[in-house]
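Visitor: Give the three-dimensional model of this entry:
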Amino acid sequence: MDLDISDILADVSRPAAGAATGSLSHSASDTDTFTDHQLLVRAWTSERCAPDLLPYPTDLLYRVMSRVQSQISRIEDMAAGVGGDGVGGGGGQASVSGGGMQNSNLVLSILQTDLGRTQFLVRSFLRVRLAKLTKYATYYLRLTTERKTACLSAAEAQFVANHQALLGEFYDASFLSAFPAGLRRLDDVSAGVSMVEGPDVGSAVVVRCLAELWGNEDDIENAAAGAAAAADDDDDQNDEDNGPTVELRMRGGEIWIVRWRDVKAGVERGDVELL
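Guide: Next up, the predicted model:
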């Protein structure tokens with residue numbers, strides 16, 4: 001080959017010619033491609049391990065999808081160039097163009113592999129979230145507006161609303177219409193028993209502390225204060241009851257098995273990660 005493999009990998013890592021460098025999030029050193037990939041892997045792992053929906057990473061996915069589009073355009077341009085190099089040209093340039101085509105094919109293979117890896121992570125991440133939304137649609141519809149905005153993207157909020165509306169119409173046409181009017185609700189909370197099923201916040205999760213020292217004392221106090229303030233508000237009660245109950249204190253690097261409710265706030269802030 002004309003180039004060493006390290007030179008080819010270095011060339012793949014360079015931004016495509018003509019790419020915008022003045023974008024707010026694309027040129028910042030703390031949000032480069034490698035960092036965003038690590039953040040995406042962490043978000044994907046956390047979403048798969050968490051029984052509840054985590055806050056939607058709007059900025060991260062915007063940067064990742066922008067790079068995916070740029071990568072697709074670069075692959076298409078390179079593929080067109082490789083196809084053009086194979087037409088015409090002869091004599092003494094045959095061996096040169098042949099070696100250059102081999103290098104171009106290797107670069108294309110690397111770019112396509114990297115693109116496929118990123119697309120897999122994004123698709124799997126979104127499918128996990130959609131599975132939770134489908135299973136606990138009524139629960140997420142009953143969240144407060146502030147909490148719903150933090151947890152769901154605009155598309156997810158629209159999806160869960162439409163999903164529940166279609167499901168309600170199907171149930172009504174299938175069997176609910178035959179029930180007495182007082183027994184047709186799917187979100188009845190009478191007699192102190194709620195029909196709304198939510199995530200199991202008491203399930204065990206494996207976490208690692210990322211901060212030098214982390215504790216959930218403030219989270220327990222905030223949850224208690226929020227539960228007291230929302231004692232008379234049925235729409236908020238099911239969410240406030242999910243707060244931490246056991247005080248924890250972890251040092252950086254420690255790995256514990258704990259209940260989700262006790263580390264949920266720490267995971268959302270990035271002080272603790274799920275494994």
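Visitor: Let me see the contact set for residue 222.
Guide: Under the criterion of C-beta atoms under 8 Å, 6 or more residues apart in numbering, the contact partners of residue 222 comprise 243, 265. Using the backbone N, CA and C atoms, a C-beta is placed for each residue, glycine as well.
Visitor: Could you check the pLDDT of it?
Guide: The predicted structure scores residue 222 at 85 on the pLDDT scale.
Visitor: Ok, the one 3 residues further on next?
Guide: Confidence at residue 225, expressed as pLDDT, is 77.
Visitor: Compute the number of surrounding residues for it.
Guide: When counting by other C-beta atoms under 10 Å, one arrives at 12 neighbours for residue 225.
Visitor: that's a strand at it, yeah?
Guide: No: when the secondary structure is assigned by DSSP: H, G, I helix; E, B strand; the rest coil, residue 225 falls in helix instead of a strand.
Visitor: quick check: mean pLDDT across the top helix by length along the chain?
Guide: With residue count as the measure and DSSP state H as the assignment, the chain has helix 94-135 as its longest helix. Model confidence over helix 94-135 averages 85 on the pLDDT scale.
Visitor: continuing past it, what's the next helix or strand?
Guide: Following the chain from helix 94-135 toward its C-terminal end, the next helix or strand by DSSP states H and E is helix 137-141.
Visitor: So for that next one, what gets flagged as buried?
Guide: Buried residues in helix 137-141, counting neighbours by 16 or more other C-beta atoms under 10 Å, are found at 137-141.
Visitor: Check stretch 104-114 too.
Guide: By neighbour count with 16+ other C-beta under 10 Å, stretch 104-114 contains the buried residues 104, 106-108, 110-111, 114.
Visitor: cool, stretch 196-208 as well?
Guide: Along stretch 196-208, these residues count as buried under the neighbour rule (16+ other C-beta under 10 Å): 196, 198-199, 201, 205, 207.
Visitor: hmm, back to that, any chance of the buried residues of helix 137-141 in TSV, with distance to residue 215 too?
Guide: Output for the buried residues of helix 137-141, formatted as TSV (distance: C-beta to C-beta, whole Å):
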residue	distance to residue 215
137	34
138	34
139	28
140	29
141	33
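Visitor: before we move on, back to that, same for the longest helix of the chain, what does it pack against?
Guide: In terms of contact count using 3 or more C-beta pairs under 8 Å, 6 or more residues apart in numbering; DSSP states H and E, helix 94-135 is assigned the packing partners helix 5-13, helix 33-49, helix 58-85, helix 154-174.
Visitor: Comparing the ones you listed, which stretch has the densest surroundings?
Guide: Per-stretch averages of neighbours, counted by mean count of other C-beta atoms under 10 Å, single out helix 33-49 among these, with a mean of 16.
Visitor: roughly how far is that one from the heart of the chain?
Guide: How far helix 33-49 lies from its chain's middle: 8 Å, per C-alpha atoms, centre = their mean, to the nearest Å.
Visitor: Ok, stretch 141-160 next?
Guide: Stretch 141-160 has its C-alpha centroid displaced from the chain centroid by 14 Å (C-alpha atoms, centre = their mean).
Visitor: about what we covered before: so which of the buried residues of stretch 196-208 sits lowest on pLDDT?
Guide: Looking at pLDDT alone, the buried residues of stretch 196-208 dip lowest at residue 196, where the score is 84.
Visitor: Distance of that residue relative to residue 139?
Guide: For residue 196, the distance to residue 139 equals 5 Å [C-beta to C-beta, to the nearest Å].
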